[in-house]
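K.L.:
here is the input, now give the coordinates:
(one chain, ligands or ions: 1)
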Amino acid sequence: MAGGFVSQTPGVRNYNYKLTPKVFATCFIGAFGGLIFGYDLGISGGVTQMEPFLKEFFPYVYKKKNSAHENEYCRFDSQLLTLFTSSLYVAALISSLFASTITRVFGRKWSMFLGGLTFFIGSAFNGFAQNIAMLLIGRILLGFGVGFANQSVPVYLSEMAPPNLRGAFNNGFQVAIIFGIVVATIINYFTAQMKGNIGWRISLGLACVPAMMIMIGAIILPDTPNSLIERGFTEDAKKMLQSIRGTSEVDEEFQDLIDASEESKQVKHPWKNILLPRYRPQLIMTCFIPFFQQLTGINVITFYAPVLFQTLGFGSKASLLSAMVTGIIELLCTFVSVFTVDRFGRRVLFLQGGIQMLISQIAIGVMIGVKFGTAGTGNIGKTDANLIVALICIYVAGFAWSWGPLGWLVPSEISPLEIRSAAQAINVAVNMFFTFLVAQLFLTMLCHMKFGLFFFFAVFVFIMTIFIYLMLPETKNVPIEEMNRVWKAHWFWGRFIPDEAVGVSAAEMQQKSV
Ligand SMILES: OC[C@H]1O[C@](O)(CO)[C@@H](O)[C@@H]1O
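P.N.:
I've put the predicted structure just below:
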């Protein structure tokens, strides 16, 4: 009843394709888009711990950090400092809304290019920052870049990939994000040991490297067949499809793309369309999936792992090192998703990962609660601290093969062409909004909710796991343009999808879903 159709997912097609080097190369370069986002996610937490950086721009925080404090939970609480981290996500949120038009009208690749360019300029502002204004302008430009890349790259990957391997290809985006985070953490580990202002300047300035990679990549990349058809280049689209699929026999897939595009032309306003009842499943999913992804609490670890580890009594070097370890585990475990998502499907990973995160979060909350109590005083022994780090790794692993990559994959694959760019914009905007909120509020929440913070996120993980169980049908192996059939066959969403949207009788669909 819950939509777990594994062997008989409606809409599954078997198009002709070979795995061509071209499709690998394009998706590999495309995934660079994730690097700029990841680099930024990973670099900010470490930089805001560097004393020369704090002294230069946030002297008040610097003083507070080094003064005596009785309550470990509140040691780093500063709105101003978190604003530095989180301002980028507000800019990304705004730009993802504009990016959707550019992605649709000019194609996916130019959106990526623009993302790389603004990110590049932002990294220069930050690396050479002389005052707080330069720092903030830099952050905003970086944010614009992230918004453009996050809007266009997942769509690009999903459209280029052969439908049967779409999950694996799309997960390349999250792999690139985590890779960016890990590289940034390693860079911070070394630059933190440098004297004077040079360390943080290198950390922030090096963001220009992933920016250049995506800019060059975007120039070389071809556009997707779907986007070429959408913009009227039908012949080019067919040639492109033949070349990425490695066969001239692409008629069936091509015809499905053409049909989908024809249908989408009748609807002029993706933003208005997505509000129509027949797109209700996509609207709800593109709002809830990114919301839930952030409410797993993952960014508490991404941004503040070093802070969290210091709170647990680790020295600052040991804290950065532990953050590096969790990052590497996250990277390795994201590959688990790459290799299993198209075989086991999205639901299995979501459900298993959710349960794993839930159990580890509760265990972390209990352990910290027992050790620090509500007063936030006390010391944690070495064995216990190591046990908490191990639990954090188990939690991160669960996220890495579930909500991390699937948070990008599912929203980018469930929407038909006529609403795709708007849906992806909503996905990015909601993701950025809650990334912002968690980044902004975490330290204050830790200060006030104490160890209860872990239970707070655990409640959300519980709710999201039930949500997936009941509301998300399996989408593996279903061509994007055939997705309506999956919704039509779902016990709840079926009622929103008109029969003509799937070209089969309702009775037939009902039969399939039983
Ligand atoms: O650490 C994992 C990272 O992945 C994301 O959830 C994006 O998918 C980020 O918000 C987070 O920082």
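
K.L.:
then stretch 254-262 to CSV, C-alphas only?
P.N.:
Output in CSV follows, covering the C-alpha atoms of stretch 254-262 (Å, rounded to 0.1, in the frame of the first residue of the first chain):
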residue,chain,number,x,y,z
PHE,A,254,13.8,10.3,-28.3
GLN,A,255,10.1,10.1,-29.0
ASP,A,256,9.4,10.1,-25.3
LEU,A,257,11.5,13.2,-24.9
ILE,A,258,9.7,14.9,-27.8
ASP,A,259,6.3,14.0,-26.4
ALA,A,260,7.2,15.3,-23.0
SER,A,261,8.4,18.5,-24.6
GLU,A,262,5.3,19.0,-26.6
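
K.L.:
report the buried residues of it.
P.N.:
Residues 254, 256-258, 260-261 are the ones in stretch 254-262 that count as buried (16 or more other CB atoms under 10 Å). Quick note: C-beta positions are derived from backbone N, CA and C, even for glycine.

K.L.:
and what of stretch 428-440?
P.N.:
Within stretch 428-440, the residues scored as buried using 16+ other CB under 10 Å are 428-436, 438-440.

K.L.:
restricted to helices, list these.
P.N.:
Judged by DSSP state H, the subset of the buried residues of stretch 428-440 located in helices is 428-436, 438-440.

K.L.:
low pLDDT regions in the stretch 401-514 of the chain?
P.N.:
503-514 (pLDDT under 70).

K.L.:
next SSE downstream of the strand or helix carrying Met213?
P.N.:
If you go by DSSP states H and E, Met213 is part of helix 208-220. Going down the chain from helix 208-220, the next helix or strand is helix 225-230, by DSSP H and E.

K.L.:
in the one helix or strand Gly38 maps to, what counts as buried?
P.N.:
Per DSSP H and E, Gly38 falls inside helix 21-47. Residues 23, 26-27, 29-47 are the ones in helix 21-47 that count as buried (16+ other CB under 10 Å).

K.L.:
cool, stretch 308-316 as well?
P.N.:
Taking 16+ other CB under 10 Å as the criterion, stretch 308-316 shows 308-314 as buried.

K.L.:
same question, stretch 45-62
P.N.:
Residues 45-50, 52-54, 56-58, 61-62 are the ones in stretch 45-62 that count as buried (16+ other CB under 10 Å).

K.L.:
how near is Ile198 to Met212?
P.N.:
Going from Ile198 to Met212 by CB to CB, to the nearest Å gives 21 Å.

K.L.:
more neighbours: these two, which one.
P.N.:
Shown here are Ile198 and Met212; by other CB atoms under 10 Å, Met212 has more neighbours (16 against 12).

K.L.:
would you mind listing what in the protein touches the ligand?
P.N.:
For the chain, the contact set with the ligand under CB under 6 Å from any ligand atom comprises 41, 174, 177, 181, 293, 298-299, 302, 330, 404, 407, 435.

K.L.:
show me which of those are buried.
P.N.:
Among those, those classed as buried by 16+ other CB under 10 Å are 41, 174, 177, 181, 293, 298-299, 302, 330, 404, 407, 435.

K.L.:
now do the contacts for whatever residue of the chain ends up closest to the ligand.
P.N.:
Closest residue of the chain to the ligand, CB to the nearest ligand atom: Thr302 (3.8 Å). Neighbouring residues of Thr302 by CB atoms under 8 Å, 6 or more residues apart in numbering: 41-42, 45, 181.

K.L.:
can I get these in a markdown table with pLDDT and distance to Ile229?
P.N.:
Formatted as a markdown table, those follow (pLDDT from 0 to 100; distance: CB to CB, whole Å):
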| residue | pLDDT | distance to Ile229 |
| --- | --- | --- |
| Leu41 | 87 | 34 |
| Gly42 | 86 | 37 |
| Gly45 | 78 | 42 |
| Ile181 | 92 | 35 |
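
K.L.:
report the two of these separated the most.
P.N.:
Using CB to CB, the pair of the contacts of Thr302 lying farthest apart is Gly45 and Ile181, separated by 9.5 Å.

K.L.:
secondary structure element for the residue of the chain closest to the ligand?
P.N.:
Following DSSP H and E, one finds Thr302 within helix 298-311.

K.L.:
what is whichever helix or strand comes after that helix packed up against?
P.N.:
As assigned by DSSP H and E, the chain's next helix or strand after helix 298-311 is helix 316-344. Counting contacts by 3 or more CB pairs under 8 Å, 6 or more residues apart in numbering; DSSP states H and E, helix 316-344 packs against helix 21-47, helix 166-191, helix 298-311, helix 346-372, helix 382-400, helix 403-413.

K.L.:
for Glu249, which of these is the nearest?
P.N.:
Of all the helices and strands packed on helix 316-344, helix 21-47 sits nearest to Glu249, with 15.9 Å by CB to CB.

K.L.:
how many degrees apart are the closest one and helix 298-311 in direction?
P.N.:
Orientation check (axes from the mean of the first three to the mean of the last three CA atoms, to 10 degrees): helix 21-47 against helix 298-311 gives 40 degrees.

K.L.:
low pLDDT regions in the stretch 151-300 of the chain?
P.N.:
264, 266-268.

K.L.:
mind listing what Asn273 touches?
P.N.:
Counted by CB under 8 Å, 6+ apart, Asn273 has contacts 267, 279, 418-419, 422.

K.L.:
then Cys287?
P.N.:
Listed by CB under 8 Å, 6+ apart, the contact partners of Cys287 are 426, 430.

K.L.:
rerun that using 10 Å as the cut-off
P.N.:
Cys287 is in contact with 411, 423, 426-427, 429-430, counting by CB atoms under 10 Å, 6 or more residues apart in numbering.

K.L.:
just the element for Gly116, please.
P.N.:
Under the criterion DSSP H and E, the helix or strand holding Gly116 is helix 108-127.

K.L.:
quick check: next helix or strand after that helix?
P.N.:
Proceeding N to C from helix 108-127, the next assigned helix or strand is helix 132-160, under DSSP H and E.

K.L.:
ok and that following helix relative to helix 108-127, angle-wise?
P.N.:
If you take the same axes, to 10 degrees, helix 132-160 sits at 160 degrees to helix 108-127.

K.L.:
okay, the angle between helix 132-160 and helix 208-220?
P.N.:
Following the same axes, to 10 degrees, one obtains 40 degrees for the angle between helix 132-160 and helix 208-220.

K.L.:
for helix 132-160, which positions count as buried?
P.N.:
Across helix 132-160, burial judged by 16+ other CB under 10 Å covers 134-136, 138-160.

K.L.:
returning to that earlier point: tell me which two in the buried residues of stretch 308-316 are the farthest apart.
P.N.:
Using CB to CB, the buried residues of stretch 308-316 span at most 10.9 Å, a distance reached by Leu308 and Gly313.

K.L.:
what about the residue nearest to Glu51 when sequence neighbours are not counted, which helix or strand?
P.N.:
Using CB to CB, 6 or more residues apart in numbering and skipping the chain neighbours, the partner closest in space to Glu51 is Tyr62 (6.6 Å). Assigned by DSSP H and E, Tyr62 falls within helix 59-66.

K.L.:
and the angle for the helix or strand following that helix with helix 298-311?
P.N.:
Per DSSP H and E, the first helix or strand lying C-terminal to helix 59-66 is helix 79-105. Helix 79-105 and helix 298-311 are oriented at 150 degrees to each other (the same axes, to 10 degrees).

K.L.:
quick one: mean pLDDT over helix 79-105.
P.N.:
Average pLDDT, helix 79-105: 84.

K.L.:
ok, the closest residue to Ala305 other than its chain neighbours - contacts?
P.N.:
Leaving aside its sequence neighbours, Ala305 sits nearest to Ala323 (CB to CB, 6+ apart; 3.9 Å). Ala323 sits next to 42, 45-46, 181-182, 185-186, 188-189, 301-309, 314, 389, 392 when contact means CB under 10 Å, 6+ apart.

K.L.:
hmm, 6 Å instead?
P.N.:
Contacts were defined as CB atoms under 6 Å, 6 or more residues apart in numbering; by that measure Ala323 touches 185, 305-306.

K.L.:
what of Ser86?
P.N.:
Applying CB under 6 Å, 6+ apart to Ser86 gives the contacts 436, 439-440.
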